[in-house]
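[1] coordinates only, sequence not included:
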């Protein structure tokens, strides 16, 4: 590994060597002599121009030792990370240490003359628990290491080892237990004063399978302490649990051979933000909905912090205006005078190690706007589909347009055409509606990129036509889509005494009734000049939605009764306010069981035969005392409540319910209390007998519980 010291630019090279006479000046270093074993770690310092080898030190024990990483803090102190088969040096009085462990982290003086601190982590064992693959020292001097223990576990019978078993984890670990073949991520606080975080990551494998593994170079930390880990995952399809993925990802399951024994491995990508690197700021400017730093006055610029982990923000806009302090990560500022402004953002979180972070960007406010304008003129005869386009754009003083300042896009798929102020003629191949555009191509104007659009309705004959729904519910806002062929002027009569000359108008009908809408289209460049079209629409009455609920004084764990008193409706939709809904074809009473204590906004949507709707809402209270139970027997294949076995209870926010046969094979898994096991596994009925289950549940009040027990399958 090779790293530059940020304090002086010198080059530090670290690794492992079997050479007892490794070159370099070792005078005054931590270990001037080779210590023994198959190999020792080493660090050597080269001058920043690479011309001189300044210092070299061995790092080892009588066992075998190797350095897997070297990093620097912002003050230029080097840190080394690696593994050993011996007893690595541990500093006296160190806050966090796992004595006898074979993974180590050490902070050195820049000249390699002494340890600042040194510690070990993992389980005491003859050999390392993991193969480390990534290393970081963040701005707060916290240390991060990632690694994988599967290759060591594979040799457990030979060496009496346990891979990742026994490595330290924290209460907030993503995965707190391990099968010995997992990935492992650790964060050690500055000066090794304590363990900030430790977790396993991966599947739970059966006794003879290794479902995930890693090859070298597939793990990296960014400067903010975020791990990016590529994993060869879900191999062989013999795991007890699937590889963990998060909701909404592109591929939540293995896509190769369904995880079969043949070619079942699939690439998994893991990103975890540990959030220990202190507050960080990243400043981005947006102008006219795109990332930019230059534009025309008055210039509206939206600034936002791209990191977004601060509690407070101080914005300095550089134009003489007062600083703005916000708790939100986004702010908009308007520049009214021409100039170049340096913008500063200070992101603050007083609870972090560095308290604040500062970033800058530069904004240019200009007044050299190109004002775009053009018109399209249809050329005779009236059967023609050829247009002349006149560019009437005005240039700012002292910056005339060139022959390539603009681009014409005629909207018909023909090649775009560069142009200046000269008029251009373009023939259209067929009648239709086209959007012609004049695009600003010259980057020297402050409104680049900009464009002006014009809708052209092209045809030899004007043909009036439009589209609108044939009916609506009062009060009804009708929307009219003008699909006229040709046409330059449009005259609408909505049938209720109102008119419009808009191209695509909307109109509010307040009263119930039938109306005839008429459109007259005029185009003096066509052969027939004028045409008309009409359509009838009906405006229907709405129903009246109304209901009452029994839960004004709720009883714990009792369902709420809803009484429907709507009129003029044919069918209904109940929205209970907790995410559940129900459709009903009648105004019958309905019961709903809430699963957590709270006040819910329950709504009833009433529909009539015209699909007109009315909605009534009211707050409904529910009191839920969390309960959880699992039946101890069931009879699959029969009708009734005992045909399946599922979790019963109240107030369950999330759960994982697993059932295993006597061979330890999982035959059922569910995270939904309404889903149960029907006694089948992969489509095959399972035999009578006793099955074990595990249940992990979290209630809506945040409390967690676990259950283990037996279920008897009776046939």
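    Nice, thanks for sending it over. What you see is a predicted model; the values in this text were computed from it and never measured.

[2] Is residue 685 in contact with residue 713, as I believe?
    No. The criterion here is C-beta atoms under 8 Å, and residue 685 misses it with residue 713 at 9.4 Å. Just so you know, the C-beta spots here come from the backbone N, C-alpha and C atoms, and that holds for glycine as well.

[3] Walk me through the domains of the protein.
    2-203, 283-366, 374-458, 466-540, 547-622, 628-713 (automatic domain parsing).

[4] most tightly surrounded among the ones you listed?
    Ranked by mean neighbour count, these are led by domain 2-203 with a mean of 19 (mean count of other C-beta atoms under 10 Å).

[5] Now do the end-to-end distance for that domain.
    From its first residue to its last, domain 2-203 covers 34 Å (C-alpha to C-alpha, to the nearest Å).

[6] one step back: what is in contact with residue 685 and residue 713 at once?
    636, 679 (C-beta atoms under 8 Å, 6 or more residues apart in numbering).

[7] Out of the domains of the chain, flag the one nearest residue 265.
    Minimum separation from residue 265 across those (C-beta to C-beta) falls at domain 2-203, 12.0 Å.

[8] Turn the domains of the chain into a markdown table, including mean pLDDT and distance to residue 232.
    Below are the domains of the chain laid out as a markdown table (pLDDT from 0 to 100; distance: least, C-beta to C-beta, whole Å):
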| stretch | mean pLDDT | distance to residue 232 |
| --- | --- | --- |
| domain 2-203 | 92 | 10 |
| domain 283-366 | 96 | 31 |
| domain 374-458 | 96 | 44 |
| domain 466-540 | 97 | 54 |
| domain 547-622 | 92 | 38 |
| domain 628-713 | 91 | 23 |
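
[9] want to throw the ones you listed into TSV with distance to residue 214?
    Formatted as TSV, these follow (distance: least, C-beta to C-beta, whole Å):
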stretch	distance to residue 214
domain 2-203	5
domain 283-366	28
domain 374-458	45
domain 466-540	57
domain 547-622	39
domain 628-713	25
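
[10] which stretch among these comes nearest residue 243?
    Between residue 243 and the domains of the chain, the shortest gap by C-beta to C-beta is with domain 2-203, which sits at 5.1 Å.

[11] And the closest one, how far out from the chain middle?
    Distance, stretch centre to chain centre, for domain 2-203: 33 Å (C-alpha atoms, centre = their mean, to the nearest Å).

[12] do stretch 555-567 as well
    39 Å.

[13] So what touches it?
    In contact with stretch 555-567 (C-beta under 8 Å, 6+ apart) are residues 543-551, 554, 572, 574, 584, 587-594, 602, 604, 606, 614, 616, 620, 622-625, 627, 650.

[14] Roughly how far does the spatially closest residue to residue 600 that is not a sequence neighbour sit from residue 614?
    Once flanking residues are discounted, residue 600 sits nearest to residue 577: 3.2 Å by C-beta to C-beta, 6 or more residues apart in numbering. Look at residue 577 and residue 614: by C-beta to C-beta, to the nearest Å, they are 18 Å apart.

[15] cool, and residue 537?
    Computed as C-beta to C-beta, the residue 537 to residue 614 distance reads 21 Å.

[16] picking that back up, so the residue nearest to residue 600 touches residue 601, yeah?
    Yes. Shown here, residue 577 and residue 601 form a contact pair, counting by C-beta under 8 Å, at 4.5 Å.

[17] residues bridging contact with these two, i.e. touching both?
    With C-beta under 8 Å, 6+ apart as the test, residue 577 and residue 601 both reach residue 620.

[18] residues in contact with the helix or strand containing residue 357?
    Element membership for residue 357 (DSSP states H and E) is strand 356-366. With contact meaning C-beta under 8 Å, 6+ apart, strand 356-366 is reached by 278-285, 293-297, 299, 301, 303, 310, 318, 335-349, 446.

[19] repeat that with 6 Å
    Applying C-beta atoms under 6 Å, 6 or more residues apart in numbering, the external contacts of strand 356-366 come out as 279-281, 283, 285, 293-294, 296-297, 299, 301, 335, 338-348, 446.

[20] The helix or strand just after that strand pairs with which strands, parallel or anti?
    Next helix or strand after strand 356-366 toward the C-terminus (DSSP H and E): strand 374-378. Strand 374-378 has the following strand partners under DSSP bridges: strand 386-391 (antiparallel).

[21] I'd like to know which elements whichever helix or strand comes after the partner strand is packed against.
    Downstream of strand 386-391, the first helix or strand assigned by DSSP H and E is strand 406-409. For strand 406-409, the elements it packs on are strand 417-419, strand 432-440, judged by 3 or more C-beta pairs under 6 Å, 6 or more residues apart in numbering; DSSP states H and E.

[22] Skip the chain neighbours and tell me the closest residue to residue 645.
    residue 634 (4.1 Å).

[23] Check the contact between that neighbour and residue 642; I expect there is one.
    Yes. Using C-beta atoms under 6 Å, residue 634 is in contact with residue 642, at 5.0 Å.

[24] just to revisit the earlier point, residue 655: which of the helices and strands packed on strand 406-409 is closest?
    The nearest among the helices and strands packed on strand 406-409, by C-beta to C-beta, is strand 432-440 at 53.9 Å.

[25] Centre of the chain to the closest one, how far?
    Here strand 432-440 is found 36 Å from its chain centre; the criterion is C-alpha atoms, centre = their mean.

[26] Can you tell me the strand partners of the helix or strand that it is followed by and which way each runs?
    Downstream of strand 432-440, the first helix or strand assigned by DSSP H and E is strand 451-458. Counting by DSSP bridges, the strands paired with strand 451-458 are strand 432-440 (antiparallel).
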